[in-house]
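S.K.: My questions are about this predicted structure, shown below with the sequence.
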Amino acid sequence: MKKRVVFFAIPALFLASFCFSHAAFAASKAQQYLGEAEMCVDIHRIDQTRIIDNQTILFIMRGGTRYLNRLPFKCSGLMLAGGFGYETTMSQLCMQYRITTLNPGGTLGSTCLLGRFIPFKADMRDNEVVKLLKDGLLKGLVSEGAFEEVPPSE
(Lines give C-alpha, C1' and ligand atoms only; values in the text may rest on other atoms or scores of the structure.)
Protein backbone atom coordinates (compact mmCIF):
# COMPACT_ATOMS: atom_id res chain seq x y z
CA MET A 1 0.00 0.00 0.00
CA LYS A 2 2.90 2.37 0.63
CA LYS A 3 4.03 1.90 -2.98
CA ARG A 4 0.65 3.04 -4.25
CA VAL A 5 0.72 6.20 -2.11
CA VAL A 6 4.25 7.01 -3.28
CA PHE A 7 3.24 6.28 -6.89
CA PHE A 8 0.45 8.87 -6.74
CA ALA A 9 2.44 11.33 -4.64
CA ILE A 10 5.32 11.63 -7.11
CA PRO A 11 3.16 12.79 -10.08
CA ALA A 12 1.38 15.21 -7.76
CA LEU A 13 4.73 16.67 -6.67
CA PHE A 14 5.82 17.13 -10.28
CA LEU A 15 2.52 18.79 -11.16
CA ALA A 16 2.71 21.13 -8.15
CA SER A 17 6.32 22.08 -8.91
CA PHE A 18 5.47 22.75 -12.58
CA CYS A 19 2.54 25.00 -11.64
CA PHE A 20 4.64 26.90 -9.10
CA SER A 21 7.58 27.41 -11.45
CA HIS A 22 5.27 28.44 -14.32
CA ALA A 23 3.58 31.05 -12.11
CA ALA A 24 6.94 32.30 -10.86
CA PHE A 25 8.26 32.83 -14.39
CA ALA A 26 5.08 34.21 -15.95
CA ALA A 27 5.78 37.80 -16.95
CA SER A 28 3.48 40.53 -15.74
CA LYS A 29 1.92 42.81 -18.32
CA ALA A 30 4.31 45.57 -17.20
CA GLN A 31 7.35 43.32 -17.71
CA GLN A 32 6.04 42.22 -21.10
CA TYR A 33 5.12 45.66 -22.50
CA LEU A 34 6.94 48.37 -20.55
CA GLY A 35 10.56 49.44 -20.26
CA GLU A 36 12.37 51.46 -17.61
CA ALA A 37 10.73 54.85 -16.95
CA GLU A 38 12.46 58.03 -18.05
CA MET A 39 12.00 61.53 -16.68
CA CYS A 40 12.21 63.43 -20.00
CA VAL A 41 12.04 63.05 -23.77
CA ASP A 42 13.66 65.25 -26.42
CA ILE A 43 11.02 67.50 -27.98
CA HIS A 44 12.58 67.36 -31.43
CA ARG A 45 12.13 63.55 -31.45
CA ILE A 46 8.34 63.68 -30.84
CA ASP A 47 6.59 62.75 -34.08
CA GLN A 48 3.00 62.57 -32.84
CA THR A 49 0.86 61.86 -29.81
CA ARG A 50 -2.25 59.76 -29.29
CA ILE A 51 -4.58 60.42 -26.39
CA ILE A 52 -5.68 57.11 -24.89
CA ASP A 53 -7.89 58.48 -22.11
CA ASN A 54 -8.10 61.53 -19.83
CA GLN A 55 -4.99 60.35 -17.99
CA THR A 56 -2.82 58.61 -20.59
CA ILE A 57 -0.94 59.87 -23.65
CA LEU A 58 1.08 57.76 -26.09
CA PHE A 59 4.10 59.66 -27.43
CA ILE A 60 5.30 58.32 -30.78
CA MET A 61 8.88 59.31 -31.48
CA ARG A 62 10.87 59.59 -34.67
CA GLY A 63 12.70 56.31 -35.09
CA GLY A 64 9.79 54.22 -33.80
CA THR A 65 10.19 54.44 -30.02
CA ARG A 66 6.92 54.90 -28.12
CA TYR A 67 6.39 56.22 -24.59
CA LEU A 68 3.32 55.94 -22.40
CA ASN A 69 2.81 58.93 -20.15
CA ARG A 70 0.32 58.34 -17.36
CA LEU A 71 -0.55 61.72 -15.85
CA PRO A 72 -0.59 61.74 -12.03
CA PHE A 73 -4.24 62.91 -12.12
CA LYS A 74 -7.02 62.80 -14.70
CA CYS A 75 -6.92 65.76 -17.05
CA SER A 76 -10.46 66.96 -17.50
CA GLY A 77 -11.37 67.27 -21.16
CA LEU A 78 -8.16 65.75 -22.59
CA MET A 79 -10.04 63.12 -24.64
CA LEU A 80 -12.68 65.59 -25.75
CA ALA A 81 -10.12 68.24 -26.71
CA GLY A 82 -8.12 65.74 -28.75
CA GLY A 83 -4.92 67.70 -28.32
CA PHE A 84 -2.72 69.65 -25.95
CA GLY A 85 0.03 72.20 -25.95
CA TYR A 86 3.02 72.98 -23.75
CA GLU A 87 5.60 75.68 -23.23
CA THR A 88 9.19 75.05 -22.32
CA THR A 89 12.47 76.88 -22.67
CA MET A 90 14.34 73.57 -22.74
CA SER A 91 14.73 71.05 -25.54
CA GLN A 92 13.02 68.40 -23.43
CA LEU A 93 9.55 67.63 -22.18
CA CYS A 94 9.76 66.27 -18.64
CA MET A 95 7.76 64.75 -15.83
CA GLN A 96 5.87 67.42 -13.86
CA TYR A 97 5.79 69.82 -16.85
CA ARG A 98 2.40 71.36 -17.49
CA ILE A 99 0.33 70.65 -20.56
CA THR A 100 -2.84 72.54 -21.52
CA THR A 101 -5.71 70.97 -23.42
CA LEU A 102 -6.65 72.68 -26.67
CA ASN A 103 -10.38 72.93 -27.18
CA PRO A 104 -11.98 72.95 -30.62
CA GLY A 105 -11.82 76.53 -31.86
CA GLY A 106 -8.39 77.08 -30.33
CA THR A 107 -9.38 78.06 -26.80
CA LEU A 108 -7.29 76.78 -23.89
CA GLY A 109 -8.76 74.25 -21.50
CA SER A 110 -7.46 72.33 -18.49
CA THR A 111 -3.86 72.50 -17.32
CA CYS A 112 -2.38 69.19 -16.17
CA LEU A 113 0.97 67.70 -15.13
CA LEU A 114 2.84 65.05 -17.09
CA GLY A 115 3.96 61.80 -15.51
CA ARG A 116 7.02 59.67 -16.27
CA PHE A 117 7.76 58.58 -19.84
CA ILE A 118 7.63 54.79 -19.96
CA PRO A 119 8.86 52.99 -23.10
CA PHE A 120 6.23 50.75 -24.70
CA LYS A 121 8.00 47.67 -26.09
CA ALA A 122 5.41 45.95 -28.32
CA ASP A 123 6.45 45.40 -31.92
CA MET A 124 3.26 46.46 -33.71
CA ARG A 125 1.78 49.39 -35.61
CA ASP A 126 0.78 52.55 -33.76
CA ASN A 127 -2.94 51.98 -34.39
CA GLU A 128 -2.65 48.44 -33.03
CA VAL A 129 -0.92 49.75 -29.90
CA VAL A 130 -3.71 52.28 -29.32
CA LYS A 131 -6.37 49.59 -29.82
CA LEU A 132 -4.57 47.17 -27.49
CA LEU A 133 -4.33 49.83 -24.77
CA LYS A 134 -7.98 50.87 -25.13
CA ASP A 135 -9.21 47.26 -25.27
CA GLY A 136 -7.97 46.45 -21.78
CA LEU A 137 -4.19 46.40 -21.65
CA LEU A 138 -4.05 49.86 -20.05
CA LYS A 139 -6.55 48.77 -17.40
CA GLY A 140 -4.42 45.68 -16.71
CA LEU A 141 -1.25 47.74 -16.41
CA VAL A 142 -2.95 50.14 -13.99
CA SER A 143 -4.29 47.27 -11.87
CA GLU A 144 -0.75 45.81 -11.68
CA GLY A 145 0.51 49.14 -10.34
CA ALA A 146 2.74 49.78 -13.36
CA PHE A 147 2.30 53.55 -13.13
CA GLU A 148 2.48 54.03 -9.37
CA GLU A 149 5.22 56.35 -8.29
CA VAL A 150 6.45 58.24 -5.30
CA PRO A 151 4.76 61.65 -5.02
CA PRO A 152 7.04 64.48 -6.14
CA SER A 153 9.05 66.18 -3.44
CA GLU A 154 8.63 69.91 -2.94
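M.R.: It's in. No experiment lies behind these values; they were computed from the predicted model shown.

S.K.: Would you double-check that Leu137 falls in a helix?
M.R.: Yes: assigned with DSSP: H, G, I helix; E, B strand; the rest coil, Leu137 falls within a helix.

S.K.: give the contact list for it.
M.R.: Lys29, Tyr33 (CB atoms under 8 Å, 6 or more residues apart in numbering). Quick note: C-beta positions are derived from backbone N, CA and C, even for glycine.

S.K.: cutoff 6 Å now
M.R.: The contact partners of Leu137, taken as CB atoms under 6 Å, 6 or more residues apart in numbering, number zero.

S.K.: And the residue nearest the centre of this protein?
M.R.: Leu68 (4.6 Å; CA atoms, centre = their mean).

S.K.: did I read that right, it in a strand?
M.R.: Yes: Leu68 sits within a strand when classified using three-state DSSP.

S.K.: Just want to check the distance between it and Met61.
M.R.: As judged by CB to CB, to the nearest Å, Leu68 and Met61 stand 12 Å apart.
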